[in-house]
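J.: below is the structure, and that's it, no one-letter string:
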């Protein structure tokens, strides 16, 4: 059997950003409307700072307006809610998010629920979660959307009848990606830490999505020959061969073993990761169209 196809998420994300930029330009030329993406960043977490900077750069490259509100780590709840309300009220901001994690003294759920669901760029508001669970139109979390786009890129748009297994039941990835797969008429199993004989469950899957945060949990003999494997995990392991204190990134799937069995598999890094910001831009474009009663383009 030939080795699995490596799914190049970086290349696909680049193409998606280009399509978004094209449609942003059309929207601007036709309707005089420029989508705006906002971010509320609280504190000085280094990873969050890098991520927010990348969002801003990519938004501008796509022809969008980028907005940032930065607050200190000791910001009060009212200060953060004030920033959220300001974006809710600003007609030039069509989608925004509150960057996570928040400092521990802030109530995450209360802050996220203050976001206007129509401007919820990352699909985490309870109303959008309910719409997704009900099979209705609403914003969906960007990483799960990216997973579905990569799966369709490999298997085509018709996923009807395929058996999908999702390892992980988080509100950020596991549950919403399962709902999106159901929308595509897949037969979906959500597996987790209490699942009996997890390996046997995984072996049934035509589509296997791993999102549990356990490095290289999924072994080659867990994978159905020819399956499409989407690895959402990002884990750091010691890499003494690179030097003292160095680490390497691995996913939730043992990539080398998956290459020998799967039909296609995402690498870590370079698989699902690049899709998240690209899908955030896509979501902001869609939100801008919906808020202005403009037909949403096929992206």
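T.: Received it, and whenever you're ready, just let me know what you need. Note that the coordinates shown come from a computational prediction; the quantities given were computed from them, not determined experimentally. Numbering: from 1, shown residues only.

J.: which of the residues in the helix or strand bottoming out on mean pLDDT in the chain are classified as buried?
T.: Scoring the helices and strands of the chain by mean pLDDT, DSSP states H and E places strand 235-238 at the bottom, with a mean of 89. Using 16 or more other C-beta atoms under 10 Å as the burial criterion, the residues of strand 235-238 that qualify are residue 235. Yep, even glycine has a C-beta here, placed from its N, CA and C like the rest.

J.: which outside residues touch that strand?
T.: 213-216, 246-252 (C-beta atoms under 8 Å, 6 or more residues apart in numbering).

J.: any regions of the stretch 151-299 of the chain where pLDDT drops low?
T.: Within the stretch 151-299 of the chain, no stretch has pLDDT under 70.

J.: what segments of it are helices?
T.: Here the stretch 151-299 of the chain has its helices, by DSSP state H, counting those that start in this stretch, at 174-183, 198-202, 255-259, 275-291.

J.: export the ones you listed to a markdown table and tack on distance to residue 125 and mean neighbour count?
T.: Below are those laid out as a markdown table (distance: least, C-beta to C-beta, whole Å; neighbours: other C-beta atoms under 10 Å):
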| stretch | distance to residue 125 | mean neighbour count |
| --- | --- | --- |
| helix 174-183 | 12 | 22 |
| helix 198-202 | 31 | 17 |
| helix 255-259 | 34 | 19 |
| helix 275-291 | 12 | 24 |
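
J.: on that earlier part again, the contacts of strand 235-238 in strands, which ones?
T.: Those of the contacts of strand 235-238 mapping onto strands are 247-250, per DSSP state E.

J.: of those, which is the most crowded?
T.: residue 250 (20 neighbours; other C-beta atoms under 10 Å).

J.: that residue touches residue 216, doesn't it?
T.: Yes - counting by C-beta atoms under 8 Å, residue 250 touches residue 216, with 5.7 Å between them.

J.: hmm, back to that, for residue 124, which of the helices of the stretch 151-299 of the chain is the nearest?
T.: With C-beta to C-beta, the closest approach to residue 124 among the helices of the stretch 151-299 of the chain belongs to helix 174-183: 9.0 Å.

J.: who touches residue 42 in this structure?
T.: By C-beta under 8 Å, 6+ apart, the residues touching residue 42 are 70-73, 75, 80, 98-99, 102-103, 106.

J.: and these, which are buried?
T.: Neighbour-count burial (16+ other C-beta under 10 Å) is assigned, among the contacts of residue 42, to 71, 75, 80, 98-99, 102-103, 106.

J.: just the residues you listed now: which is nearest residue 290?
T.: For those, the nearest to residue 290 is residue 98 (20.6 Å; C-beta to C-beta).

J.: what's the neighbour count on the residue lying closest to residue 123 once chain neighbours are set aside?
T.: Excluding the flanking residues, the one nearest residue 123 by C-beta to C-beta, 6 or more residues apart in numbering is residue 139, at 3.8 Å. Per other C-beta under 10 Å, the neighbour tally for residue 139 reads 27.
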